[in-house]
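Q: one predicted model, sequence on top.
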Amino acid sequence: MARSGNLLMKCAVNVSNLFYTYPDGTEALRGINFRVMEGERVAVIGSNGCGKSTLFYHFNGLFLPTKGTVFINEEEITKTNLDKIRMTVGLVFQDPDDQLFAPTVWADVAFGPRNMGLSKREVAERADNALNMLSIADLKDKSPDNLSGGQKRLVSIAGVLAMNPKIIVLDEPTSNLDPRTSRTVMHLLVDLSRRMNIALIIATHDVDAVPQYADKIYVMHKGRFVAEGTPEAVFSDASVIRGSHLRLPRIAHLMEILHKEDKLPIQNPYPLTIRAARSEIMRLMSGDKKQE
Amino acid sequence: MARSGNLLMKCAVNVSNLFYTYPDGTEALRGINFRVMEGERVAVIGSNGCGKSTLFYHFNGLFLPTKGTVFINEEEITKTNLDKIRMTVGLVFQDPDDQLFAPTVWADVAFGPRNMGLSKREVAERADNALNMLSIADLKDKSPDNLSGGQKRLVSIAGVLAMNPKIIVLDEPTSNLDPRTSRTVMHLLVDLSRRMNIALIIATHDVDAVPQYADKIYVMHKGRFVAEGTPEAVFSDASVIRGSHLRLPRIAHLMEILHKEDKLPIQNPYPLTIRAARSEIMRLMSGDKKQE
Amino acid sequence: MRLINYVQEVDFERLVVGSSSTIHRLDARVKLVGAFALIFCIISMKQPLIPLFIFCAATVICFGIKMPLMIYLKRVVLLPFSVAVVVLVVVIFTYGGEHQVSSFFGLPIYHESCSFAVLLFARIIASISVLSVFVATTEVMAVTEAMHWFKVPKVMVDLAVMMLRYIHLLSGESVRMYRAQASRCGFSGRLGYKQKLKNLSTIAGSLILRALKRGERVYAAMLSRGYTTDSKITEIEPLSAKNALFCVIIIAVSVLLVIVDRIWLGVGTCL
Amino acid sequence: MHLSDGILAPEWCLVWFAIAIVFIAVGVWQIKRGTKENASYLPMLAMMGAVVFVISIWHIPVPVSGSCSHPIGTPMSAIIVGPFPTVVLGAIALFFQAFFGHGGLTTLGANVVSMGIVGGFSGYLLYVLLRKVNSPLWLAAGMAGFVGDVLCYLTTALQLALSLNPGSVLSHWALYTVGYMPTQLPLAVAEFVFTAGVVQYIADRRPDLLAKKLWGGVSSA
Ligand SMILES: Nc1ncnc2c1ncn2[C@@H]1O[C@H](COP(=O)(O)OP(=O)(O)OP(=O)(O)O)[C@@H](O)[C@H]1O
Ligand SMILES: Nc1ncnc2c1ncn2[C@@H]1O[C@H](COP(=O)(O)OP(=O)(O)OP(=O)(O)O)[C@@H](O)[C@H]1O
Ligand SMILES: [Mg+2]
Ligand SMILES: [Mg+2]
């Protein structure tokens, strides 16, 4: 797994002192510094309107900074290298309809590989492969219009995966997905990132699921980052989290209450996942007598 | 709180044996029976494409049944009383983009009251009031296109609240909302429902939050209800829940694991909320020796 | 008050009907060439006989591919006949001629008008029936792809392909926005005609703005998948020899039919 | 409402095709040039074309005649994306509409001429003219819609007269025009309201979309 301390690791995304102001005067980003290593999995959480989507549009050159710089694989994004950048970074939009344009699912997924100048066979292989990974091969001849919201989301992810990008940026990939589908998608992405050393950057409101996959969490508030670090570190400071319109994962909240109200001996980086909470409770159940 | 056993309660929504087939032949609803009392709060959960949105369109007369009947306040929906029905039932769409069309936020919120034939002053009062309730009065002159996803959602809820409906139907009202806003919105809705005896019907994928506000849960799968009852009753049958592509609330899942894997003495209607889990754990901590 | 659904969903998929038949499976390019050739031959006819015969043949084909009766009546009977009858009446009264055969409330009716009106009537129902068979058996997407092969400029094909997707998307969006307005009494009986039109304009305006904004994002998504000015969204295989032969045969038959028609002209009546 | 197959004589079909192709060629050339300058132009145009198609399928009830009809949408599109690209969009939209029984294959050229070329250009020119003399935006756009719509039908009537009554074109043209009046006049009024509403709406929300496309630097606000 990637650790930012490792000097041999290449920096996949490096944003420094980024400001962005919309034409109507809204200051959406106000001094962002952000760095993601190759193969790292990073989550960005924050309240509505804090600027997550605006930030993500910068990774892909859809917006260019009002002030500051964005480096992708150590190359600054400028007007002249947008084409190259966009082939390195795969962006999955908040709304899948912004992304699907071809008449059939297969044509849409094959579009990227076809543009890379691969042979017909390789194109077909890549497309089929991406569809199989998300188990939507049976949809391949359907028109994107006739899919449910969740299916559209999966197709838009497949289209990006078929390009084999080294950096994948996803804006709320699991909103509107049912719990089962949502878990499957996250498992797949994390697995890919592990196997192919892909950097994943994910914006989400699902704080309960974040600790399961993120190496690092950034908390955004009003166009700035107010906290960053491992999930344990970030969620250990509940006041920052709550000040940013967020909350602790429910499991952690339960642990916090048990600790603060019921004075159970639980340490502050509270367990964040079901698994961690389980072993913590079992520890308490067997050993609580000793600690008291 | 409303209890369906109460004979004095009026029935706000009564759906009997409802079937709906889309023009292309998709059988989206296949025999729905559903009854919501005045002031009751009901949640509908189910996988992607199970038919929740299709059902909700019926409450407002946007779709008329292929077979079966829908009664609102004990009056059947027909082609002739749609105006009246729509002033009684407020529908918040799944995608706020589908709901916002006016050039400014204020104009959008005022659209409903204006169509109800109120005076200019009353219209303005209603609109301002709705914006204040959701604390988005500062957005009132922005164009809906220039809002973040979550802000759009709040505006679309305000547009419905401004009509003072007796029945509010919300299709995934908290997807795309940050945790704090999402809780605020749910509190607001529940509070309104309590104070003004409004019936709330909510479709959602957020199974963790459901037990906090729902009097009753309906589980939908492939156009039918496969389970219904209080949150405790519904979530006590994990096989039905998982068969419908859903999962238990995380807290309940933790309890289930503690019970099944670690053999802790927890009864099957597992605690669903943080509060309930807390007292359960405290019970275990103090009394587990006796039970073993 | 009656609810009028001004805004309807446009769905190309529902155009193809009937069970999968040989005609369904035929290459779209062949069918397109065939439809063009046949319709062109029909409008070149000087006698109503062959067009009427083609209309009957089209009817037989419609039943052969198991087109549902309601759709047959709507597309092959109601639509063309309503057009054809209007044209028939108009032509009878306005075309003029020399040999008066009758009069209608003082309006003279000439022999020439009548025979020309009947000819037009036959041409219209015949060509629309051919078009209907074509539409009922051919995916619109296949036709659009076929445009590459007819040397239509690439930008136009790409535009057409993308338009197909967006027609569906925007039409769905407009239906939902319309519903949103309806659910807030936007089309209630209390409102005047002007207000309703204004509400419709709002939907259209919103639709356009949204379309343009979406256009920018879609473009970014395309670029991030390597779109350049030379990349094509769809492709088409070369035409097989068998299909090429089919094209030639259909064109030959069409020409032959016109020749037969013109030879009758020498033998038959005037015009 | 568009001419269907079988009405026009084959030689006229070819003539209209020839005229349409000239305009389409210029339009394609402009689009290609536009794509080189700003590649996001293509998806924008596709969206605009889809909007024109979708709007011209809407059935707006015409209170006077009691029937339903629909706006042609090309004047509006010409104001937003320019007249030549509008012809190309109109041609594609008409081709697809033939699938729904509006218009036909052999009459495609004739319909492109009336709806795309005449409707689009006349509306656009009138709009530019009115804006030059400082008329309000809604009036300029509305008049463009009204006149574009009326001229579109005048052209259709002319096409009918040319093909059906080669001996007495002028008198029959007048005759057909009068015949169209009762249904088309209310529709043209609807197109007025519609175009005015939409263009004004866009000017309120995204004035930048209208400003840059005008010939002669007429500002839109
Ligand atoms: N096109 C625009 N013009 C002007 N202001 C905008 C525009 N788009 C977004 N904004 C504003 O910029 C701020 C940041 O928006 P952004 O969409 O980045 O938020 P977000 O973090 O993605 O929120 P959400 O979680 O709700 O999607 C918000 O205050 C929003 O109102
Ligand atoms: N316009 C339509 N035409 C045909 N089928 C449709 C249409 N809209 C929805 N469907 C189908 O009807 C079924 C129910 O759709 P619906 O939108 O009600 O699901 P849902 O429960 O709201 O799902 P989600 O949680 O993803 O919003 C799905 O299988 C869907 O594919
Ligand atoms: Mg966002
Ligand atoms: Mg839904």
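A: Cool, got the structure. Ligands and ions are numbered 1, 2, ... in the order given.
Q: in which helix or strand does residue A:156 reside?
A: helix A:149-161 (DSSP states H and E).
Q: how about the strands in chain D?
A: D:60-61, D:68-69 (DSSP state E).
Q: looking at these, which has the lowest confidence?
A: Lowest mean pLDDT of those: strand D:68-69, a mean of 58.
Q: how about residue A:274: what's its closest non-neighbour residue?
A: residue B:254 (5.0 Å; Cβ to Cβ, 6 or more residues apart in numbering or on different chains). Yep, even glycine has a C-beta here, placed from its N, CA and C like the rest.
Q: touching, that neighbour and residue A:277? I think so.
A: Yes. Checked against Cβ atoms under 8 Å, the pair residue B:254 and residue A:277 is within contact range at 5.6 Å.
Q: tally up the residues packed near residue 29, please.
A: I'll assume chain A. 26 (other Cβ atoms under 10 Å in any protein chain shown).
Q: that answer is for a different chain, and I need it for chain D
A: Quick note: residue D:29 (other Cβ under 10 Å) scores 14 neighbours.
Q: can you check the one 4 residues further on too?
A: Neighbour count of residue D:33, defined by other Cβ under 10 Å: 10.
Q: how close does it get to residue C:150?
A: Distance, residue D:33 to residue C:150, using Cβ to Cβ, to the nearest Å: 23 Å.
Q: swap in residue A:166?
A: Residue A:166 is 41 Å from residue C:150, by Cβ to Cβ.
Q: the two: who's more crowded?
A: Neighbour tally, residue A:166 and residue C:150, criterion other Cβ under 10 Å: the higher count belongs to residue A:166, 19 against 10.
Q: got the contact list for the more buried one?
A: A:12, A:38, A:73, A:88, A:197, A:198, A:199 (Cβ atoms under 8 Å, 6 or more residues apart in numbering or on different chains).
Q: wait, which of the residues you listed is closest to chain B?
A: Nearest to chain B among these, counting by Cβ to the nearest Cβ, is residue A:199 at 23.9 Å.
Q: picking that back up, tell me the two of the contacts of residue A:166 that are most distant?
A: A:88 and A:197 (13.7 Å; Cβ to Cβ).
Q: what about the closest residue to chain D within chain A, neighbour count?
A: Of all residues in chain A, the one sitting closest to chain D is residue A:101 (7.2 Å; Cβ to the nearest Cβ). Around residue A:101 there are 28 other residues, counting by other Cβ under 10 Å.
Q: ok, now how distant is it from residue C:221?
A: Distance from residue A:101 to residue C:221, by Cβ to Cβ: 7 Å.
Q: go on, residue C:137?
A: 34 Å.
Q: neighbour count: the two, which is higher?
A: Between residue C:137 and residue C:221, counted using other Cβ under 10 Å, the more crowded position is residue C:221 (29 against 24).
Q: how about that one: what's its closest non-neighbour residue?
A: Nearest to residue C:221 is residue A:99, by Cβ to Cβ, 6+ apart, at 4.4 Å.
Q: now do residue C:233
A: In space, residue C:233 is closest to residue C:161, 4.9 Å off (Cβ to Cβ, 6+ apart).
Q: what residues are up against the one you found?
A: Per Cβ under 8 Å, 6+ apart, neighbours of residue C:161: A:102, A:103, C:141, C:144, C:145, C:233, C:234.
Q: now, these that are in helices?
A: C:141, C:144, C:145 (DSSP state H).
Q: tell me which helix or strand the nearest residue to the second one once chain neighbours are set aside sits in.
A: Nearest residue to residue C:144, sequence neighbours excluded (Cβ to Cβ, 6+ apart): residue C:160, at 5.0 Å. Assigning secondary structure by DSSP H and E places residue C:160 in helix C:154-183.
Q: give me the contact status of the helix holding residue A:156 with ligand 2.
A: Yes. Looking at helix A:149-161 against ligand 2 by Cβ under 6 Å from any ligand atom, the contacts come from A:149, A:150.
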